[in-house]
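[1] Using only what follows, build the 3D model:
(2 chains)
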2 protein chains.
Amino acid sequence: MGLSPANKEILDKAIEALHTRVFHAQYPEHPSPKIYGETADEDGKNAFKALRKGRFEELQQQGEIAWVGEEDSPYFAEPVGTTYPQFTNEVLIERAEKAFHSWRKVSKEDRAQVLIDSLERFSKRFFENAYATMHTTGQGYMMAFQASGPHAADRALEAVAAGYEELGRFPDSTVWEKPMGKYNLVINKEWRAVPKGIGLVIGCSTFPTWNSVPGVYADLMMGNSVLVKPHPGAVLPMAIVVAEIRNALRDAGFDPDACQLAIDTKSAPIAKELAEHKAVKVVDFTGNSEFGSYLETLPKAVFTEKTGVNSIILDSVEDLDKVIQNITFSVALYSGQMCTAPQNFFIPAGGVKTPEGVVSFDEVAQKFADFTNGLINNPKAGPFVAGTIQNPATAERTVEASKAIGGKTWLETRNIEQPIPYFKNARTQTPTVIELTAGDKDKFSKEMFGPIAFLIKTKDTKESVALAKEMAESYGAISCGAYTTDNDMKEYIADEMSLAATPVSFNLVGQIFVNQNAAFSDFHVTGGNPAGNASFTNPDYVNRRFTWVGMREPAPRG
Amino acid sequence: MGLSPANKEILDKAIEALHTRVFHAQYPEHPSPKIYGETADEDGKNAFKALRKGRFEELQQQGEIAWVGEEDSPYFAEPVGTTYPQFTNEVLIERAEKAFHSWRKVSKEDRAQVLIDSLERFSKRFFENAYATMHTTGQGYMMAFQASGPHAADRALEAVAAGYEELGRFPDSTVWEKPMGKYNLVINKEWRAVPKGIGLVIGCSTFPTWNSVPGVYADLMMGNSVLVKPHPGAVLPMAIVVAEIRNALRDAGFDPDACQLAIDTKSAPIAKELAEHKAVKVVDFTGNSEFGSYLETLPKAVFTEKTGVNSIILDSVEDLDKVIQNITFSVALYSGQMCTAPQNFFIPAGGVKTPEGVVSFDEVAQKFADFTNGLINNPKAGPFVAGTIQNPATAERTVEASKAIGGKTWLETRNIEQPIPYFKNARTQTPTVIELTAGDKDKFSKEMFGPIAFLIKTKDTKESVALAKEMAESYGAISCGAYTTDNDMKEYIADEMSLAATPVSFNLVGQIFVNQNAAFSDFHVTGGNPAGNASFTNPDYVNRRFTWVGMREPAPRG
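    As a prediction, this is how the structure comes out:
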């Protein structure tokens, strides 16, 4: 079979981008009719509606013990309605084991061909997947399209590219010839990239595809079979991906059970038992720190993205309004439910330096509240940016934050009235903005998932940096934003935060936000602090999914 | 500073060899006067004698709390006599932390320059180091020279080369330009390879330099500072290496405390406390499985080489005598005290196929005993190959093996009388050869460190393979040898053992042994089974010692 010319070009470009780290996007992020077709959005909406009617049959995983589905739409405030086939862990493992032994022998070219084919198939369903993502995660339409569709597909392709390259890192064979004085000792050597076995990918409820496909595609690229266990609250987006991977496998003549959907329910979770199963050798996990840290102690290859406490450091700025506009957008975006969303805003008690003079802490705080209101109250922007709240517990946490935390509340959360005309019952919460001081470490040192922002008064920027670093080192961080016009301070921040393995975005204004990161260029999670040990996609992310094993034999004497 | 032309050439050749995996040796393994100088051996012997007289001053680590030394020579049966400066863990950590913050900012070119310089300095002391190794590990002279000198230096260079390459894997900076319709979003991006912090390398008593220098050089190459904690029974070889690293650092104007010797005593070990210290981020360990497996649970980058149970599978051969000669040599070599030494010899009950017909199990066993005796009784070979026994416990285990294990004893261990005329008191034990059956899994499933060989009668070769695989998967294996003239059986063995992440040497006869592996070509330990998670030197071995951290900032609008 081998790689088709079209897929080879896709792969080559991806590998090149991995190294140059310049802008690259295989799948256009704009949901434009010109790119995806005039009826693509309408067709996607209709396809999603059809999926809501019952069983998700297209996986073709046979012999289920039940059909289950527990997804609720935060927009409709009603069940999505789709059900999925459920299996015993024994059946899932047995099939994965069987498929492993054929899939592991497939060449890297054929694996890449099938996986890129599956992404091409998936790309035809980006709109359907966007609606599936909206109505399970609560994301706004644009984010649901981009993050769950093209951005996820690009991250998957990135993992395929990184894996493909690693598999070619060492020669398949070589002749090793050692001079021994009177004669040469000649050994024929061979190296095999041996996949570990069965992989398990445990998804989360807020970014069901974006956070899961890198692990799924990395496992498959390295020759492992994979069990995909989505969060019971956000199954459909990943079910579509798994269906297309199985279609691509089947159509190429391979065992589709190399990739199976493993469904569970909130009352009977299966992740722990599967992760502990001796046949499961690789685990990818996105979710809470407690379970993630437990998984990391298993004697397996474990890749986690857990929680973190992200900081913004305000020192000096060119244009304060533009800065506050940018950072308040970052809090409002998907209502703070991104792992990269900032929570702690460190502001010197003496204020923020601007070309027009120092702006006091209180003025900065007031601007923060005002710009947040300005965004949220803009009916053409706010509701679409904020989306809805995936989990009722997140809404509750946000509502209770100002009372639970104490401190001056600069802005109280509220519901967006009539968030979007079509979704009268949507679960929404606007950002809460609370003032704290450097001494309130017990309050700002844990992740408050949701639209909750702490404005933390520090002695000076050095204290801000020390606290941001301490948070990252002790509790993890995935992103950091810093605003300074002083080059020495910039280097100081970069150096200190780099020691806490936290990437820093400096002086972001306009249409780029600290929450965002780009496939092929920005490493997502560095793997260097407690926020997680995985990084999309560094060499480690693919290398730990297989083992180099050497074979050797003396060459026949000539 | 940068790389000198000579060191650049050394590095370039090493990197090339890492990829081609053809034969490469920077440091010649032959202790020949033509290579190393007419007086090199005599000078080395004298230097070693001088070191026996007292304090090892040349480290220049100041402010010690005591001078300690507990090494015994298994040849002389008396203390070596050298003492080393001892420090509190607090002092060691504090100095390592301070040195880290300057060393981490040194360019990769300068790091490579200093590290290769230190290897060149070390190479001038290979003979001195050979005597130091003989009289701490008990190795024969030739092995002590090769393994502790040129082979170790090549493994160190391999780690430097692999690390240097990884540090250049991604660009230092790039301009990322995303088309946004009306304008392009332009972001300046930068990536930093951030070392983890302090590394700790815990050595073993049998291969004090060979097993330790890869971790030491990998740590330093990636910008970490390193504490070198040798086994109290084998300090001197590594003390010489550390002294030369410190000399190279000092002469280049860097803080020598980037590499410190951390000495302890048998009664007051410090490895656990150092490994658990929060400032220690990377741990390398060679030694017993219990402590190694414990270390692997620490939330750090941990690289282990633990124990394993290595197998030889006998199916069919071209020349049985040559085969038995080869595998009995492997058992006798350094009296089975190599981590790659074979222990379990699986032989079908029906015998081994040869061109002259099937040779029965008993005939094979008898040949095994006879060839072992032949080697040991050859006064010009046996004592030099076998060396001595490092640890009295190993000698005791060997002496008691036949009684403790039961089963037919084909050969009983004994002392080598007058092993080498100069060393009348040497601690020696010749190999013990015991017959077992496939059912005796409880007896052959643990490592019996020392010159103990089990000849295990199996139903057929498939059962042999199944048992070898099970041993590797359950208890770890670092090497495997297999003899078969059947190509299908060869592929079957290669495939099955690769699933247990165990390299296989096929049909070795003559001057190459299953125990040996070559720098730049053979991965040492695959990292894929319980024998250890480290591999000299795969990408993982250097990648986990640092973190890629990205910085980004919008480009100034033009």
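[2] At which residues are the strands of the stretch 201-350 of chain A located?
    Using DSSP state E, counting those that start in this stretch, the strands of the stretch 201-350 of chain A run over A:225-229, A:259-261, A:280-286, A:301-305, A:311-314, A:344-348.
[3] Format these as a markdown table; extra columns: mean pLDDT and distance to chain B.
    Quick note: C-beta positions are derived from backbone N, CA and C, even for glycine. Output for these, formatted as a markdown table (pLDDT from 0 to 100; distance: least, C-beta to the nearest C-beta, whole Å):
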| stretch | mean pLDDT | distance to chain B |
| --- | --- | --- |
| strand A:225-229 | 98 | 14 |
| strand A:259-261 | 98 | 20 |
| strand A:280-286 | 98 | 9 |
| strand A:301-305 | 97 | 10 |
| strand A:311-314 | 98 | 13 |
| strand A:344-348 | 98 | 18 |
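[4] which one of the ones you listed lies closest to B:S73?
    Relative to B:S73, the nearest member of the strands of the stretch 201-350 of chain A by C-beta to C-beta is strand A:301-305, separated by 43.1 Å.
[5] can you pull the contacts of the residue nearest the centre of chain A?
    For chain A, the residue whose C-alpha lies nearest the mean C-alpha position (C-alpha atoms, centre = their mean) is A:N211; its distance is 3.1 Å. A:N211 is in contact with A:G203, A:C204, A:T286, A:E305, A:C339, counting by C-beta atoms under 8 Å, 6 or more residues apart in numbering or on different chains.
[6] What about the nearest residue to the second one once chain neighbours are set aside, how many residues nearby?
    What that stands for is A:C204. Leaving out its chain neighbours, the residue that sits closest to A:C204 by C-beta to C-beta, 6 or more residues apart in numbering or on different chains is A:T286, at 4.2 Å. By other C-beta atoms under 10 Å in any protein chain shown, 27 other residues sit near A:T286.
[7] cool, A:T137 as well?
    As a burial measure, A:T137 scores 32 neighbours (other C-beta under 10 Å).
[8] what do you get for A:G54?
    Applying other C-beta under 10 Å, we find 12 residues neighbouring A:G54.
[9] for the stretch 351-500 of chain A, which spans come out with low pLDDT?
    Within the stretch 351-500 of chain A, the set of residues satisfying pLDDT under 70 comprises A:418-421.
[10] repeat that with 80
    A:417-422 (pLDDT under 80).
[11] Pull the contacting residues for the residue of it found nearest chain B.
    For the stretch 351-500 of chain A, the residue closest to chain B is A:S498, as judged by C-beta to the nearest C-beta, at 4.5 Å. Under the criterion of C-beta under 8 Å, 6+ apart, the neighbours of A:S498 are A:V504, B:R192, B:V194, B:V549, B:M551.
[12] Out of the strands of the stretch 201-350 of chain A, flag the one nearest B:E128.
    Going by C-beta to C-beta, the one of the strands of the stretch 201-350 of chain A nearest B:E128 is strand A:301-305, 42.3 Å.
[13] What score does the residue nearest to the centre of chain A have for pLDDT?
    For A:N211, the pLDDT comes out at 98.
[14] quick one: it and A:N515, what's the gap?
    Distance from A:N211 to A:N515, counting by C-beta to C-beta, to the nearest Å: 14 Å.
[15] what does A:P342 give?
    Look at A:P342 and A:N515: by C-beta to C-beta, they are 8 Å apart.
[16] Spit out the residues that contact those two alike.
    A:S330, A:S479.
[17] List the residues that contact the closest residue to chain B within the stretch 201-350 of chain A.
    For the stretch 201-350 of chain A and chain B, the shortest gap (C-beta to the nearest C-beta) falls at A:T297, measuring 5.7 Å. Going by C-beta under 8 Å, 6+ apart, A:T297 touches B:T297.
[18] Residues of the stretch 451-558 of chain A that sit close to chain B?
    Counting by C-beta under 8 Å from any C-beta of the partner chain, the residues of the stretch 451-558 of chain A close to chain B are A:494, A:497-499, A:501-512, A:518, A:521-523, A:526-528, A:535, A:538-540, A:543-544, A:547-554.
[19] Give me the subset of those residues that lies in strands.
    Among those, the residues falling in strands (DSSP state E) are A:V504, A:S505, A:F506, A:T547, A:W548, A:V549, A:G550, A:M551, A:R552, A:E553, A:P554.
[20] Most neighbours among these, please name it.
    Counting by other C-beta under 10 Å, top hit in these: A:S505 with 29 neighbours.
[21] Could you report the distance from it to A:E94?
    Distance, A:S505 to A:E94, by C-beta to C-beta: 47 Å.
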